[in-house]
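Asker: sequence? don't have it. structure:
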Ligand SMILES: O=P(O)(O)OC[C@H]1O[C@H](O[C@H]2O[C@H](CO)[C@@H](O)[C@H](O)[C@H]2O)[C@H](O)[C@@H](O)[C@@H]1O
């Protein structure tokens, strides 16, 4: 397990009880898997997040490119504060609806993906993710398909990510989601801390820094607006675990 910090940013300080913690999921809390459904959420992470939620009086949220439905499935039995689809989907609000043209775009992208075993199109409702983690040779064709799709989808844009390009509605981003959460309890008045690994997380980094908070990059990606760094998801989980010590876990009995 790699736990050393591999770049020139310092590791974050120990978690403090007056923080509002915003956590990216894939590549930050969880190691990448060959497919979106292939990720493993360690029981111990569920226990840690449950304890931290208590220690921070609820001020802990997932801020992910995944949909809220996916997040709730992955982190069950917890149902954490969360923003999905890169900040577009918030709890208590209806998810953005897919425009009629998106079905045709999905079919075209799937036709391209079929030429590359391992490439896949993930349907997230109003957004599509075109993945090539196990088929790197598909990247140019999938990027071109995503670019072409924009002509049929006014108000949409591309979201580049790790072995993926997404076609998603413009508008909110992870920074805007952080702002919206910080405007209300239990987040309001706390020091915001954002942990993330990918380009989409830079929106969160910028926003928490503007509010005097900390931005923690996972891995080596540059350039970045981060103030601190951790090597990988295992190091993130260890840091969170250390910050959760002594806090009770509300689901301890259920988890054994
Ligand atoms: O904002 P995040 O929580 O980091 O979500 C970003 C995207 O994560 C997922 O894709 C990535 O993880 C997959 C599982 O490890 C991996 O197979 C893929 O290559 C990665 O790009 C998810 O599938 C996307 O919907 C998220 O937007």
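Answerer: Yep, that arrived. Since this is a predicted model, take the numbers as computed values, not measurements.
Asker: now the stretch 151-256 of the chain, which segments are flagged as low pLDDT?
Answerer: 246-256 (pLDDT under 70).
Asker: So which residues on it come close to the ligand?
Answerer: Counting by C-beta under 6 Å from any ligand atom, the stretch 151-256 of the chain comes close to the ligand at 161-164, 166, 198, 200. In short, each C-beta sits where N, CA and C put it, glycine included.
Asker: just the strands in this protein please.
Answerer: Counting by DSSP state E, one finds strands in the chain at the ranges 19-23, 60-63, 81-84, 89-90, 120-123, 128-131, 156-161, 164-169, 191-196, 214-218, 228-230.
Asker: do you know which of these lies nearest residue 243?
Answerer: strand 19-23 (8.7 Å; C-beta to C-beta).
Asker: Would you mind getting the angle between the closest one and strand 191-196?
Answerer: Strand 19-23 and strand 191-196 are oriented at 20 degrees to each other (axes from the mean of the first three to the mean of the last three C-alpha atoms, to 10 degrees).
Asker: who does strand 19-23 pair up with?
Answerer: Under the criterion DSSP bridges, strand 19-23 sits next to strand 60-63 (parallel), strand 191-196 (parallel) in its sheet.
Asker: possible to save these as JSON lines with distance to residue 172 and mean neighbour count?
Answerer: Compiled in JSON lines, the strands paired with strand 19-23 are given as follows (distance: least, C-beta to C-beta, whole Å; neighbours: other C-beta atoms under 10 Å):
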{"stretch": "strand 60-63", "distance to residue 172": "11", "mean neighbour count": "26"}
{"stretch": "strand 191-196", "distance to residue 172": "15", "mean neighbour count": "26"}
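Asker: Number of residues surrounding the residue of the chain found nearest the ligand?
Answerer: In the chain, the residue that lies nearest the ligand is residue 65 (2.3 Å; C-beta to the nearest ligand atom). The number of residues packed near residue 65 is 28, by other C-beta atoms under 10 Å.
Asker: Correct me if wrong: it contacts residue 162.
Answerer: No: Residue 65 lies out of contact with residue 162 (C-beta atoms under 8 Å); the separation is 9.9 Å.
Asker: just to revisit the earlier point, got the strands of the chain as CSV, with distance to residue 37 columns?
Answerer: Compiled in CSV, the strands of the chain are given as follows (distance: least, C-beta to C-beta, whole Å):
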stretch, distance to residue 37
strand 19-23, 20
strand 60-63, 17
strand 81-84, 16
strand 89-90, 19
strand 120-123, 9
strand 128-131, 11
strand 156-161, 17
strand 164-169, 14
strand 191-196, 21
strand 214-218, 22
strand 228-230, 26
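Asker: Tell me how many other residues crowd residue 72.
Answerer: Residue 72 is flanked by 18 other residues according to other C-beta under 10 Å.
Asker: Kindly report the same for residue 224.
Answerer: Using other C-beta under 10 Å, residue 224 has 19 other residues around it.
Asker: what's the distance between the closest residue to it other than its chain neighbours and residue 152?
Answerer: Nearest residue to residue 224, sequence neighbours excluded (C-beta to C-beta, 6 or more residues apart in numbering): residue 217, at 5.1 Å. To residue 152, residue 217 is 35 Å away according to C-beta to C-beta, to the nearest Å.
Asker: Repeat that for residue 59.
Answerer: As judged by C-beta to C-beta, residue 59 and residue 152 stand 41 Å apart.
Asker: possible to save the residues of the stretch 151-256 of the chain next to the ligand as CSV with distance to residue 40 and neighbour count?
Answerer: CSV is the format used below for these (distance: C-beta to C-beta, whole Å; neighbours: other C-beta atoms under 10 Å):
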residue, distance to residue 40, neighbour count
161, 20, 19
162, 17, 16
163, 18, 16
164, 19, 21
166, 23, 22
198, 19, 22
200, 22, 23
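Asker: now, the most widely separated pair of those residues?
Answerer: Greatest spacing in these, by C-beta to C-beta: 163 and 200 (13.7 Å).
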